[in-house]
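1. predicted model follows, preceded by the sequence.
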Amino acid sequence: MINLTINGLKVSVEKGTTLLEAAQFFGFPIPTLCHMEGLSPYGACRLCVVEIGEGPKAKLVSSCTYPAEEGLKVRTASRRVVKARKMVIELLLATAPQSKVIQDLASAHEVRQQRFRQEYEDCILCGLCARMCKEQMMANAIGFRGRGEKRSLGAPFDIKNEVCRLCGGCIYVCPVCMLRCTYTEPEKAICGGCANIGPPCVEKEKFNDMMCYMEPCVACEIRKE
Amino acid sequence: MGQLRSISEFRALYDRLNIVRNRKIPTIIISAGTCGQASGANDLIRIAKREILSRGLANKINLRITGCHGFCEMEPSVLIEPHGIFYPEVGLEDMVRVVDAVSRDAVLEDLPFKDPQTGQPVIKQSDIPFYKKQLRLILSRNEKVDPIRIYNYIENSGYQPLIGILDNGERDWVLSEVKESGLRGRGGAGFPTGLKWEMLAKQNGNAGKYLVCNADEGDPGAYMDRSVLEGNPHSIIEGMLIGAYGTGATEGVIYVRNEYPLAIKHLIIALRQARELGLLGENILGTDFSFDIKIVKGAGAFVCGEETALMRSVEGRVGEPRQRPPYPVEKGINGRPTAINNVETWANIPVIFDMGAEDFAKIGTKNNSGTKIFSLVGKVKYTGLVEVPMGTTIETIVNDIGGGPSGNARIKAVQTGGPSGGCIPSSMFNLPIDYDSLTKVGSIMGSGGMIVMDDNTCMLDIAKYYMNFLKDESCGKCFTCRKGTQRMHEILDDITSGKAGMAHIDLLAELAEVVKDTTMCGLGNTASNPVLSTLKYFRNEYERHIWDQRCDSFVCKEIVGAPCQSACPIGTEAWRYVAHIAHGEYEQAYKVIRETNPFPSVCARVCDHKCESRCKLGTIGMSPVAIRALKRFVTDTIDPMTYKPERMSSNGNGERPIAVIGSGPSGLTAAHYLSLKGYKVTVFESESIPGGMLTCGIPSYRLPRGILDKEIESLVDENVTVQCNTKLGRDITIDELFNQGYKSVFLAMGAHKSRKLNIEGEDIEGVYPAIQFLKDFNLRGEKIAKGRVGVIGGGDSAVDAARVALRQPAVESVTILYRRTRAEMPALATEVDAAIDEGIKLETLVTPLKIRSRKGKLSGVDCLRNKLGEMDASGRRNPVPIPGSEFTAEFDTLVVTIGDVPDIEFIEGMGIEVTEKGTVKYDSETLATSRAGVFAGGDVVTGPNTVVRAIAAGKKAAAMIDRFLHGQELKQPSRAGIPGHYLPPSGLSDEELNEIRRVVPSTVDMRYRTSSFVEVEQTLSQEEAAREARRCLRCDLEFTQPAEDKAEKIGGKVA
């Protein structure tokens, strides 16, 4: 067992536990976007940062990837953490404001302004879909491509990947498109962003016949109209 | 090449090589790294070979082709051993002569490096300032070995440290030596190498351990790793072998960027040779030590220099950093323990074992031992690779080794550590460079890139450049790094194009801190450094860009617009009137000039034309457009009455009288613009005629009185009253003015008191302060100069005084004495030229010590000669007296013109605060003084300055007083003056542009010049003006040209 302190509480966890798991187990909430139980931790969204160490050596790390270490002092909601988290949410809002997940996050963390130039991206590159596809659906049909500004998610060369079984798992886990809008009539939609839905690996025409457990499937509804 | 099967066989080889080698034969060493080859080293090699063979010198001269010697500015360079003679920038013909000279054991006198200060040739490499202050432990080895010949490396004691270790060294001893040496990772973070190795040695190595040489050098402007790999690959191999022996590593990887083809080629050859000799592979030299190295080529992702990303790349996956812990030493490539060191770190290992850890640790500073290679690039005279002990100051590197600025502009900052580093301002150049000090000031060592920046570099542009680089090169995994760098770039782009507000600075700073905090790897952690350090040290530049919409370096195109317009203190659209002249539309040209400038004819003659110094034609290496001469042509051609100023009177302005003190350019400009707004203005002038310095300071051969009077007259309209012979402090006070009903006062009295030399004898008869001398003549026509005249000073008024003196009848000769050199003189260069043409002598590097007198009358000045020393704050080199160089210059008249100060002792009693320099204290943005309602501008706040600046101050004062009287906020953001009127191009072809030279206005015959006050410079003819105007590159078109015209041009239809 490894002994550490979370927000002043002395706890012990099994070796290999991440700080996120430890904090959540002991009841300290940490917001996440790119983390999902059953998928390997990745550390892309940086929402789950916590402060470790003390004095000038104190630093922020992503709790979903950082392993619990002996004697570590963790603060999950220090001033520095909160400031950073708010900025991350502000950046998320500036990128994909139509996502209900992100809107809820902003509301829960009292982020009331967005000072950057507004963008309407339909992907924040959290990588959940790619991990879902690889680790749970055992397909590995999609992945990251490019780097930096040009990084994107999708099938190699944007050609439909034959290992894709059209399971819809990628859409199911997506924090930006899923649940962001359950309306299919454009005039009732809160943002209209769903009209641009672009599933990473499937061609829209095949949505009608696919084995999809999403109910209702936003994209299919649009197709039918 | 047979395989060596034991250590003794290696030693036998070494001995054999050294017997064969003849050290007495001269060797021609040609530096042929990538940079050398690019500047023609390959041709030199061919010529050298041909010469040596054709003249049968093969046994008398050795030729060695080596990697880079570091002095990039002087490539291709040739070094001659054994004397160490250095020939820079050798041409093809020179090479033939070099071979010839070497064969005769002679030195070519005309080729060697010339000391820029003394002009003397410096023959030996070790005497050249660039090399003198370096300690080249690693780089000097480049000169000794041909990188593709392993025997060359061995005969220079290469692989000896390794043999020593294999022979009797223990593993622990190797580790403790490296630890004792204090070597820290040269990749930038500075982790102690010994510690890293020790941790690796402790790991369970059953499945094998890796050693990696990180040669993914991706920083823009850094190339020291490349030069070591190209020039001395065996030192890396040897370093890795020693490391493997110490840590028990079994496999080595050199991760090198594919962009380094020569380095890869040399590495492949070196590895093959080492393997063939039995220095690599199984059972090295017959011992039970086995180690082999493979090369992995990186595809050029900057992030792959980060160790965890590098490991993934070696594994064949996408280079993307991961969380540490686990650290590579625990879990590295393929899950096995791995230690990663930078090229330079590996190159240091043989050096340490060669000289001994104890001696190595003595180099440098505490906790920062050894040397560091910097690639010194940018706006510095001598660029190149510089190896200095840790703890050397930036000052030494930039000024002593680098030779100071490459151009005339002042060095402003250095940027260290590439995209992850920060900018260090010149005020901190005495900082000793090591890992810890650089981190403290907000930069990093990084791989050692050092980019020198001068006043022509915009710090925001630099920050933007790095953000652009990083937003492309971030791996994109961490949301805050990917989006954060994009957003920082976006904000910087907004600021540099004038679209941002002040709040953007705070947002930028906030975002930068969060990016630094929340990212996973070193790239993200340091990505904000360029922004944070420029914000810290150059915040004023950010504010200038946002608030004033000015880029003082003239880099940010969107707010600079046309440089000529932007450079002008009053924003004259020079491009526009030049274009009108090219089209023959002189009236429109006059209107354009007059719109911003109430003194067009004056400025056409005496302006210091900032527009010309920023003219694009000038900055791209040709002569700038003669804008002032063109303005002169227009003002001389067109009747001023063509321009009718627009009057915009607001309610009640006529009932608010305003007092202006001083009728110089500043005061009259303010009065004019206030009058246009409907205010009644009274201008109080202390002298008998208005004009201020224009009348009493500037001589009539530069500015004819008739023209000046006409211009002043045109400004004195029904709203303006000029009251002469009324001096503030003598005849009136500010309180009185307010009591008389004036609502606001503008102080523009100029600077009319000459500064004193403060040396003995200044009160003797025959010594005159410049102002008195010029006023006596210009206002009263008194000709007081007699005999031999001396003028002390180097400014415009010194030249004016000298030329006025020359035109007085009783004068025999005129000499100007100045303490620095001609290049540092603040006076306009054309004026100095004219003065010399007229026969005035110029004595530079002279400081007056004492004024001598005979019978109470001036007889001469005791002087001391100077030489130029260190750079001062203004970027000029300070004069340093040469002891024992005293001499006496004999004069009958002496004019002291070392600067003027405002004559305002009385003003503090009127409730106006004064600065230490004796000028009126004011807010430079609003011109407000410490007393409400009183504004000040022109020389009275700045000290002696140019006419156009005084006009600018007058215009600003008028606007501020208007705002003040209407109760508006004084401080208001300004808008950048971007060209807005489209005028079609005049269609000058490139050939014509190259043919037409800048026009030189004709001057009056010399006979008349020295004896009369006729105007010296003449106006241009119509043809001259049209031709000159067509030279303009028309920077404005980029902003004004309609879209369809642009498209046409791209289609090539424009003739």
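-> The structure has been received and is ready for your questions.
2. pLDDT wise, what is residue 122 at?
-> By default, I'm working from chain A. In this prediction, A:D122 carries a pLDDT score of 76.
3. my bad, the chain I had in mind was chain B
-> 91.
4. list the helices and strands whichever helix in chain A runs longest packs on?
-> Counting residues, the longest helix found in chain A (DSSP state H) is helix A:79-95. Under the contact criterion of 3 or more Cβ pairs under 8 Å, 6 or more residues apart in numbering or on different chains; DSSP states H and E, helix A:79-95 touches strand A:49-52, strand A:59-62, helix A:100-108, helix B:479-496, helix B:503-518. To be clear about C-beta, it is placed using only N, CA and C from the backbone, and glycine gets the same treatment.
5. now do the contacts for the residue lying closest to A:G53 once chain neighbours are set aside.
-> Take A:G53 and drop its neighbours on the chain: the residue closest to it by Cβ to Cβ, 6 or more residues apart in numbering or on different chains is A:K59, 5.9 Å away. By Cβ atoms under 8 Å, 6 or more residues apart in numbering or on different chains, the contact set of A:K59 is A:51-53, B:517.
6. quick one: low-confidence ranges for chain A?
-> By pLDDT under 70, the low-scoring segments of chain A are A:177-225.
7. just give me the neighbour total for the closest residue to A:R151 other than its chain neighbours.
-> Leaving aside its sequence neighbours, A:R151 sits nearest to B:G476 (Cβ to Cβ, 6+ apart; 3.4 Å). Here the number of neighbours of B:G476 (other Cβ atoms under 10 Å in any protein chain shown) works out to 25.
8. from A:C123, how far off is B:G476?
-> According to Cβ to Cβ, to the nearest Å, B:G476 and A:C123 sit 11 Å apart.
9. and the chain, what are its domains?
-> No chain specified, so I'll use chain A. Listed domain ranges for chain A are A:2-88, A:128-224 (source: automatic domain parsing).
10. my bad, the chain I had in mind was chain B
-> Chain B is divided into the following domains under automatic domain parsing: B:24-81+B:85-123, B:150-362, B:368-551, B:561-644+B:980-1040, B:654-691+B:715-752+B:902-965, B:755-899.
11. got a markdown table for these, with distance to B:P699 too?
-> Converted to a markdown table, those look like this (distance: least, Cβ to Cβ, whole Å):
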| stretch | distance to B:P699 |
| --- | --- |
| domain B:24-81+B:85-123 | 37 |
| domain B:150-362 | 50 |
| domain B:368-551 | 28 |
| domain B:561-644+B:980-1040 | 7 |
| domain B:654-691+B:715-752+B:902-965 | 13 |
| domain B:755-899 | 5 |
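12. relative to A:V82, which of those domains is closest?
-> domain B:368-551 (11.2 Å; Cβ to Cβ).
13. where does the stretch 1-150 of chain B come near chain A, residue by residue?
-> Contacts of the stretch 1-150 of chain B with chain A, taken as Cβ under 8 Å from any Cβ of the partner chain, are absent.
14. correct me if wrong: A:E90 contacts A:R112.
-> No - with contacts counted by Cβ atoms under 8 Å, A:E90 stays clear of A:R112, the gap being 9.6 Å.
15. these two: which has the busier surroundings?
-> More crowded of A:E90 and A:R112, by other Cβ under 10 Å: A:E90, with 23 against 9.
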